[in-house]
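Colleague: just coords:
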């Protein structure tokens with residue numbers, strides 16, 4: 001990891017955290033020129049090739065050209081823009097505050113409606129079910145909006161972050177990347193997040209969960225996160241008040257964010 005990549009990471013994270021998503025970058029549909037190459041009869045590999053591989057390759061070529069012309073300035077310009085784009089459209093910080101505010105007021109139904117407005121398949125009927133749904137929803141959102149793009153940014157450069165976002169963008173379209181491919185893509189970010197849960201939650205239970213279920217691709221990402229949060233947080237979700245449960249969940253996610261922020265900074269120093 002070099003200093004320019006870390007600087008791009010810090011600028012993109014700051015822009016997302018303090019200004020929120022949106023603007024011209026998130027209004028660009030980079031997959032639209034390639035959708036004509038697929039139809040309802042297209043195989044999963046064709047979807048992955050045209051909607052993820054082709055736009056990523058185009059960006060990688062463009063990035064290499066500018067890097068050859070302008071050197072490190074290309075990382076500051078295109079790397080920052082690519083990572084900010086990869087964080088996606090949903091405003092994670094604002095959504096957490098809206099849900100927490102309703103839970104604090106004792107309005108569990110209102111808190112659930114915030115999630116249902118984003119994820120229409122929510123089916124929570126009581127407080128315990130809602131807490132489980134919230135654990136999955138916000139853990140996955142934190143992974144998709146920050147942890148995942150950042151991890152692939154540092155592993156594979158700006159193109160890796162862009163590819164991660166494009167794969168997730170297909171999930172809301174008529175041509176989604178297959179579930180098996182998404183599990184592979186999400187495997188590393190979800191396991192690293194769960195390891196950070198162990199640092200701030202119940203270490204033994206969370207680490208045991210990661211060791212037992214982490215190496216396998218069999219549990220879905222949603223199931224893995226729900227069990228990881230249950231293991232990390234003290235108390236039964238059937239017994240804790242909704243506000244207490246959500247507060248614990250958001251503290252877990254926020255502290256995990258700070259932990260990985262420090263880890264990435266240490267990588268730069270060494």
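Modeller: Sure thing, it's come through. Model, not experiment: these values are computed from the prediction.
Colleague: Could you use CA atoms for every contact and neighbour count after this?
Modeller: Noted.
Colleague: Need phi/psi at residue 149.
Modeller: Phi and psi for residue 149, reported as degrees, to the nearest 10, are phi -60, psi -40.
Colleague: Oh, that last question was meant for residue 178, not what I typed.
Modeller: Phi and psi for residue 178, reported as degrees, to the nearest 10, are phi -60, psi 150.
Colleague: State the mean pLDDT of the helix or strand containing residue 246.
Modeller: Using DSSP states H and E, residue 246 sits within helix 242-269. Mean per-residue pLDDT for helix 242-269: 90.
Colleague: Which neighbouring elements make contact with that helix?
Modeller: Contacts defined by 3 or more CA pairs under 8 Å, 6 or more residues apart in numbering; DSSP states H and E place helix 242-269 against helix 3-19, helix 92-104, helix 127-142, helix 179-200.
Colleague: out of the ones you listed, deepest packed?
Modeller: helix 127-142 (a mean of 21; mean count of other CA atoms under 10 Å).
Colleague: which residues are contacting that helix?
Modeller: In this structure, residues lying in contact with helix 127-142 by CA atoms under 8 Å, 6 or more residues apart in numbering are 92, 96, 108, 112, 115, 122, 124, 221-223, 225-226, 229, 237-238, 241-242, 245-246, 249, 253.
Colleague: Can you flag the buried ones in these?
Modeller: Those of these that meet the buried threshold are 92, 96, 108, 112, 115, 122, 124, 221-222, 225-226, 229, 237, 241-242, 245-246, 249, 253, by 16 or more other CA atoms under 10 Å.
Colleague: re the thing from before, distance to residue 66 for the helices and strands packed on helix 242-269 - can I get that in TSV?
Modeller: Formatted as TSV, those follow (distance: least, CA to CA, whole Å):
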stretch	distance to residue 66
helix 3-19	15
helix 92-104	32
helix 127-142	31
helix 179-200	28
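Colleague: Distance of the nearest residue to residue 88 once chain neighbours are set aside relative to residue 92?
Modeller: Spatially, and ignoring its direct neighbours in sequence, residue 88 is nearest to residue 145 (6.0 Å; CA to CA, 6 or more residues apart in numbering). Going from residue 145 to residue 92 by CA to CA, to the nearest Å gives 7 Å.
Colleague: Which secondary structure element of this structure has the lowest mean pLDDT?
Modeller: One helix or strand of the chain scores below all others by mean pLDDT, DSSP states H and E: helix 24-27, with a mean of 79.
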